[in-house]
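Novice: model this:
(one chain, ligands or ions: 4)
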Amino acid sequence: MSTVGKPIICKAAVCWGAGQPLKVEEVEVAPPKANEVRIKILYTGICHTDEYTRSGKDPEGLFPVILGHEGGGVVESVGEGVTSVSVGDHVIPLYTAECRECKFCKSGKTNLCGKVRTTQGQGLMPDGTHRFTCKGQPIHHFMGTSTFSQYTVVAEVSVVAVNKSAPLEKVCLLGCGITTAWGAVVKQQGIKGSNVAVFGCGAIGLGVLSTASIVGASRVIAVDTNPGKESWARKMGATEFINPMALPEGKRIQDHLVEITDGGLDFTFDATGNVHVMRAALESCHKGWGVSTVIGVAAAGQEISTRPFQLVTGRTWRGTAFGGVKGRTELPGLVEDYLQGKLKIDEYVTHHRKFAEINDGFHDMHGGDCIRCVVDMTE
Ligand SMILES: NC(=O)C1=CN([C@@H]2O[C@H](COP(=O)(O)OP(=O)(O)OC[C@H]3O[C@@H](n4cnc5c(N)ncnc54)[C@H](OP(=O)(O)O)[C@@H]3O)[C@@H](O)[C@H]2O)C=CC1
Ligand SMILES: N[C@@H](CCC(=O)N[C@@H](CSC=O)C(=O)NCC(=O)O)C(=O)O
Ligand SMILES: [Zn+2]
Ligand SMILES: [Zn+2]
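Specialist: Numbers count the residues shown, from 1 in each chain. Ligands and ions are numbered 1, 2, ... in the order given. Below is the predicted model:
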């Protein structure tokens, strides 16, 4: 029997309050309204940003909520006016929308889109209402995607169709981690032939150092406090690995890096979310031209600081969301790159979980040996 135009009852992992484990509940998912798309989610990755919001560290965090933003699925139905995706398309939801009409989209200067970001941050659909109900209670959307539900509703501007021959259990990771890391490198000029340091060797940091190596960085230094990450970093393209905890007592990582690189790095990246590491990454940059990119997301109340002299003397501090990638325009091409063996994804998937075990997937992330856990939403 067709589900088009009707509510769907399915399972979703609801987080009822900050710091609480997720609870797999029966939820009602309303049909898509105009310019919306309802998706059957088949696979989702778990990103550290999901854990960040679950834990209560996100100043934008709202509860109860259905988290998840690294998903892959199939379009079940579309609302009036939807033209860019059709029923049956394989799709990736996008937490960074691309409307192609707003001031941001038309600027040519950023991938940030203004069309739905305000309501997205309020846990609502663009018309200010919700599509999820559990036990008679409305449940907040998350990052415009809510992929920890067997069915979700997203704005048309927040979804892209991709090649059906690509395995969704792999390309779902293009919904966040792999794309962020790729874009953080390729959207910057001058990395070829340069020296680069990457702080933090989780999925994001490994993706950054892998991409830097592929585009021809001459030296790729991985920095991580977990010695178990050395083999990962080298496998993905790092030429060196430094554990800041193993430096002589009192020796700061930024001073060590400046010493061993004849004055500092051309490019550094923070992929930890720790504001002290962000400072070290900036201060590891070469005077006059070094550029440090913040990728990590820091907890509410955390602020970055450095001596302004670091900037006066020519270092640049910048940041990137979703790697600067315009999802509707660029993700289909990244999927093709993956299919042609030009972009690594499989290598990052270390853990698999059934939907019922989603909380174990969150525990996996804390184990130190998990790069990405992919959850099968059908099991
Ligand atoms: N800007 C954006 O668009 C995006 C941002 N993010 C953010 O990026 C960050 C990284 O994500 P992800 O790769 O999944 O996270 P992970 O936690 O998997 O990776 C972080 C790594 O940094 C290591 N680490 C912790 N403290 C330090 C330190 N002081 N010095 C060096 N290394 C350290 C961790 O070690 P250990 O294993 O021991 O903890 C771990 O290996 C997160 O903050 C996430 O929220 C993610 C996606 C998109
Ligand atoms: N809500 C947080 C900030 C969270 C954040 O920075 N998110 C990143 C993506 S992290 C993905 O895993 C992002 O794209 N930010 C841009 C945006 O428009 O949200 C806070 O309020 O601090
Ligand atoms: Zn993410
Ligand atoms: Zn826009």
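Novice: strand partners (parallel or antiparallel) of the helix or strand harbouring Cys373?
Specialist: Following DSSP states H and E, one finds Cys373 within strand 372-376. As defined by DSSP bridges, the strand partners of strand 372-376 come to strand 36-45 (antiparallel), strand 349-354 (parallel).
Novice: may I see the buried residues of whichever helix or strand comes after the shortest one?
Specialist: Scanning the chain past strand 349-354 towards its C-terminal end, the next helix or strand to appear is helix 358-365 (assignment: DSSP H and E). Going by neighbour count (16 or more other CB atoms under 10 Å), the buried part of helix 358-365 is 358, 361-362, 364-365. All C-beta atoms are positioned from the backbone trio N, CA, C, and that covers glycine.
Novice: among those residues, which are within reach of ligand 4?
Specialist: By CB under 5 Å from the ion, no member of those lies near ligand 4.
Novice: ok, back up a step: for the strand holding Cys373, what is the distance to the chain centroid?
Specialist: Centroid displacement of strand 372-376 relative to its chain, using CA atoms, centre = their mean, to the nearest Å, is 14 Å.
Novice: what mean pLDDT does it get?
Specialist: Strand 372-376 comes out with an average pLDDT of 98.
Novice: do the same with stretch 120-129
Specialist: Mean pLDDT, computed over stretch 120-129, is 98.
Novice: is any part of it close to ligand 2?
Specialist: No: using CB under 6 Å from any ligand atom, stretch 120-129 stays clear of ligand 2, with a minimum separation of 7.1 Å.
Novice: and that stretch, how far out from the chain middle?
Specialist: Put simply, stretch 120-129 sits 20 Å off its chain's centre (CA atoms, centre = their mean).
Novice: report the buried residues of that stretch.
Specialist: In terms of neighbour count (16+ other CB under 10 Å), stretch 120-129 has its buried residues at 120, 123-126.
Novice: restricted to helices, list these.
Specialist: Gln120 (DSSP state H).
Novice: for Phe148, see how far away whatever residue of the stretch 51-200 of the chain ends up closest to ligand 1 is.
Specialist: In the stretch 51-200 of the chain, the residue that lies nearest ligand 1 is Gly200 (3.1 Å; CB to the nearest ligand atom). According to CB to CB, to the nearest Å, Gly200 stands 24 Å off from Phe148.
Novice: same question for Arg353.
Specialist: Distance, Arg353 to Phe148, using CB to CB: 12 Å.
Novice: if you count what's nearby, which of these two comes out ahead?
Specialist: Using other CB atoms under 10 Å as the criterion, Arg353 and Phe148 rank with Phe148 on top: 29 against 20.
Novice: contacts only, for whatever residue of the stretch 201-350 of the chain ends up closest to ligand 2.
Specialist: Closest residue of the stretch 201-350 of the chain to ligand 2, CB to the nearest ligand atom: Ala321 (3.1 Å). By CB atoms under 8 Å, 6 or more residues apart in numbering, the residues touching Ala321 are 96, 111-112, 180.
Novice: same thing but 10 Å
Specialist: Residues near Ala321 by CB atoms under 10 Å, 6 or more residues apart in numbering: 95-96, 110-112, 180, 183-184, 295, 297.
Novice: what about the residue of the stretch 151-300 of the chain found nearest ligand 3, how many residues nearby?
Specialist: When distances are taken as CB to the ion, the stretch 151-300 of the chain reaches nearest to ligand 3 at Cys176, 3.3 Å away. Residues lying near Cys176 (other CB under 10 Å) number 31.
Novice: per-residue pLDDT, it?
Specialist: In this model, Cys176 is scored at 98, pLDDT.
Novice: and the pLDDT for the residue of the stretch 201-350 of the chain closest to ligand 2?
Specialist: According to the prediction, Ala321 has pLDDT 98.
Novice: same deal with the one 3 residues further on?
Specialist: As summarised for this prediction, Gly324 has a pLDDT of 98.
Novice: repeat that for Asp50.
Specialist: Confidence score, pLDDT, at Asp50: 98.
Novice: do stretch 341-359 and ligand 1 meet at all?
Specialist: No: using CB under 6 Å from any ligand atom, we find that stretch 341-359 stays clear of ligand 1, coming within 9.6 Å at best.
Novice: in that stretch, what's buried?
Specialist: Those would be 343-345, 347-349, 351-353, 355, 357-358, for stretch 341-359 by 16+ other CB under 10 Å.
Novice: distance of the residue of the chain found nearest ligand 1 relative to Gly368?
Specialist: Residue nearest to ligand 1 within the chain (CB to the nearest ligand atom): Gly202, separated by 2.1 Å. Distance of Gly202 to Gly368, computed by CB to CB: 10 Å.
Novice: common neighbours of these two, please.
Specialist: Each of 226, 229 lies in contact with both Gly202 and Gly368 under the rule CB under 10 Å, 6+ apart.
Novice: the two: which has the busier surroundings?
Specialist: Remark: of Gly202 and Gly368, Gly202 carries more neighbours, 25 against 11, as counted by other CB under 10 Å.
Novice: wait, that one touches Ala271, no?
Specialist: Yes: with contact defined as CB atoms under 10 Å, Gly202 reaches Ala271; the gap is 6.4 Å.
Novice: so what's the backbone phi/psi at Thr110?
Specialist: Main-chain dihedrals, Thr110, degrees, to the nearest 10: phi -160, psi 160.
Novice: okay but it is in contact with Arg318, surely?
Specialist: No: when contacts are counted by CB under 10 Å, Thr110 is not listed as touching Arg318 (11.8 Å).
Novice: looking at these two, which is more packed in?
Specialist: Neighbours per residue, other CB under 10 Å: of Thr110 and Arg318, the larger number sits with Thr110, 15 against 11.
Novice: any idea which element the spatially closest residue to the more buried one that is not a sequence neighbour lies in?
Specialist: Nearest residue to Thr110 in three dimensions, chain neighbours excluded: Phe104, at 5.5 Å (CB to CB, 6 or more residues apart in numbering). Assigned by DSSP H and E, Phe104 belongs to helix 103-107.
Novice: list the buried ones in that helix?
Specialist: Of the residues in helix 103-107, those buried (16+ other CB under 10 Å) are 104-105.
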